[in-house]
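Trainee: Kindly return the folded structure for what I paste below:
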Amino acid sequence: MSIDLNTCLNSEQAAAAGNIQGPSLIIAGAGSGKTRMITYRIAYMLENGIDEKEILALTFTNKAAREMSDRIKSLTGRPLKGLTMSTFHSFGLKLLKQYIQYLGYKNNFTLYDTRDNMNLIKEVIISLGLEADEYNLYTMLSLFSDVKTGRIKPFEDKNSAASQIYTEWLLSQKAYNVVDFDDLILLPIRLFEKRPDILEAVQDRYRYIMVDEFQDTSLLQYRFVSMIAGKYHNICVVGDDDQSIYSWRGANYRNIIEFESDFPERKEYKLERNYRSTGHILEAANNLIVHNKERKEKKLWTDDEQGSMIYLISPENEEDEAYLIAEGIKKRHNDKNIPYSEFGVLVRTNSQIQYLENALTENGLSVAVSGGESFFEKKEVRDILSYVRLLINSDDDISFLRIINTPRRGIGRTTIEKLRAYADSRKIHLFDAMTEFAYAADSPVKDKPKAAIKKLSDDIVSWQNQVKNCNYSSLISAIIDSIGYKEMLYNDYKDKPKQLEFKLKTLEFLLSRIARFQYNNPDLSLSDYLNLISLDSKDEDETSQKQVNLMTMHSSKGLEFDTVYLAGVEDNIIPLARSLEENMKNIDEERRLFYVAITRARKQLVISHCQNRRDRTGNSHIALPSRFLEEIPSSLFTDEAEDFSQTNEDRISMLNDLLSRFSH
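Mentor: Presented below is the predicted three-dimensional model:
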């Protein structure tokens, strides 16, 4: 098809999409049709003879990458199998699968997630003769990540326990042939520095680069992508400094300034026309964000109607606030036939969620809460996938330690300590040590423990021999049966039938998901599946059309709803007191976060601040409206809250209706 950018896009979008040679900086305001512009830009590149294999487009979630890829395929009518549309971490993983051997790793490496890394740190602490219970593993992993990625300086005292644990953790990762999410960016950079020939090969392969959500890139991610762009300078970055809200995980909106310095010949474009929100909502957002001085000047505008005023409600406390919001949602759904999925309830902190979730549930509403337990975090899923990981990579000591006594097979702590000591002395991995113990005539493990490790060793070797040419779900189902995992669940939950049923269904779903993966991806291996789910579990789950969306403001980034409720818009919550205590400069990011929350709303925005709020000890204190509300013109607010009020009689009637439904 022939693409006429001036017909398909507005003038600013068309100008940005039409510049496909050299560096470009595109400042795309909230709701400005950024994804549409990117889609047409890539289609226009293809139409103008650029090979799809030379295009690398990077974003931050697998969901966003899939959506953009689907749009481009639909627009061009091409399969585009050679186009690389990926997250940063998926692309880093792709490079490591091809080149990691040049850094001293084996190609069958395992990708560790947060839980795996915490278990590894625990093993390191124990091996150093320290007490694992004295350490907060999550805090320690966060610290190690900051040191590893250069966000903070290395440990000054090399003899400190933290420094020793950190050093041993790095050595253990390398010895176990595992990498983590930080390594998916760090190791490609190290590879490029060590092997300029590989960097040049990657540069020649990906001559045209696009980066979406550029304001969310970390310094390392920017260095990674700028190294690839260093030869041809065909790099286009798209972002909005006003929506930079992830500094706590390494994002640095000042990368826009770095980009301007590294590519002085760039062309710059601004997308300020908003296609999402009504005029009053945009006016509130513009008046708020202008108080941040260190930003690219821009002003969102729309040709659409001004829309309704912004509702401002002031309930007595957080419990009343929750019921007012729940009742307002139900009333608007019933009166105006708005789908529940078009309601977003946003909060600054997770601690605000419990009252809202309870009130929504009591109103008979289904709720999708972001940040819930991932399917792949469930114990039964992690147990079985640890078996699978060990089949793929027998050097994975953490997976070995998870499965050796799951289910219980009579291999006690003494046997495991002997295995660890033997493995350490021989500089081999625990699986290899187990195999030697199982067959050695002078094995230090005797009788029942020896028979148990021999059976486990034989089983794993047998399963490993079946992996390459088999039905994955059938093999894993056979493993579950062979190890007696279901029998273990029956024994552990014999007095809890509902939990037992749920766990059995979880296993069934895991098997069906693996079967579907193999059917849809016959050329990919079981190892590819493990790496895929480690990456994909980072994404938020898609929610049902029948569910109200309850989430933190951070989780709302990239989403939009017809009606948005902002709960707890009070000083000490937004801006967050703890954030300002750390550094008063954080107020700019708190303001950007509130700006993001406001611009999620398409048609109606409801802001709530309580008169009183309980603290963590349960004591009630006077709550003050957020200082950010003073930065929005009062003429935009209305307190006409007919949609958000209900008598006590109405509330009692509602509860009786709900209880009667449950009784039937």
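
Trainee: Quick check: beta-bridge partners of the nearest residue to Met309 once chain neighbours are set aside?
Mentor: Residue nearest to Met309 in three dimensions, not counting chain neighbours: Thr638, with 4.0 Å by Cβ to Cβ, 6 or more residues apart in numbering. All C-beta spots, glycine's among them, are computed from the backbone N, C-alpha and C. Note on Thr638: beta-bridge partners by DSSP bridges are Tyr311.

Trainee: Nearest residue to Val596 in space, please, no chain neighbours.
Mentor: Closest to Val596 by Cβ to Cβ, 6+ apart is Gln243, at 5.4 Å.

Trainee: Hmm, the one you found is touching His554, no?
Mentor: No. Applying Cβ atoms under 8 Å as the test, Gln243 and His554 come out as separate, 11.2 Å apart.

Trainee: ok, Ile228 - how many residues close by?
Mentor: 22 (other Cβ atoms under 10 Å).

Trainee: Which helix or which strand is home to it?
Mentor: helix 219-229 (DSSP states H and E).

Trainee: need the next SSE after that helix, C-terminal direction.
Mentor: strand 235-239.

Trainee: what helices or strands is the helix or strand just after that following strand leaning on?
Mentor: Next helix or strand after strand 235-239 toward the C-terminus (DSSP H and E): helix 255-262. For helix 255-262, the packing partners by 3 or more Cβ pairs under 8 Å, 6 or more residues apart in numbering; DSSP states H and E come out as strand 24-28, helix 219-229, strand 235-239.

Trainee: mind redoing it with 7 Å?
Mentor: Counting contacts by 3 or more Cβ pairs under 7 Å, 6 or more residues apart in numbering; DSSP states H and E, helix 255-262 packs against strand 24-28, helix 219-229.

Trainee: what lines up beside the biggest strand by length in the chain in the sheet?
Mentor: Ranked by residue count, the top strand of the chain under DSSP state E comes out as strand 601-608. Sheet pairing of strand 601-608 (DSSP bridges) gives strand 310-313 (parallel), strand 561-566 (parallel).

Trainee: so which of the helices and strands packed on helix 255-262 gets nearest Leu312?
Mentor: Of all these, strand 24-28 sits nearest to Leu312, with 29.5 Å by Cβ to Cβ.

Trainee: For that closest one, give me every contacting residue.
Mentor: Applying Cβ atoms under 7 Å, 6 or more residues apart in numbering, the contact partners of strand 24-28 are 16, 34, 236-240, 256, 259-260, 266-271, 296, 298.

Trainee: Buried subset of those as a PyMOL selection?
Mentor: Restricted to buried positions by 16 or more other Cβ atoms under 10 Å, the PyMOL selection for the contacts of strand 24-28 reads:
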select buried, resi 16+34+236+237+238+239+240+256+259+266+269+270+271+296+298
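
Trainee: longest helix anywhere in this structure?
Mentor: Looking across the chain with DSSP state H, the single longest helix is helix 497-520.

Trainee: hmm, back to that, so which of the helices and strands packed on helix 255-262 gets nearest Ile38?
Mentor: strand 24-28 (8.6 Å).

Trainee: these two touch, right, Asp562 and Tyr340?
Mentor: No. Asp562 is not in contact with Tyr340 according to Cβ atoms under 7 Å; the separation is 10.7 Å.

Trainee: out of those two, which sits in the busier spot?
Mentor: For Asp562 versus Tyr340, neighbours defined as other Cβ under 10 Å are more numerous around Tyr340 (21 against 16).

Trainee: For the nearest residue to that one once chain neighbours are set aside, pull up the helix or strand it's in.
Mentor: Take Tyr340 and drop its neighbours on the chain: the residue closest to it by Cβ to Cβ, 6+ apart is Val548, 5.0 Å away. Taking DSSP H and E as the definition, Val548 sits inside strand 547-552.
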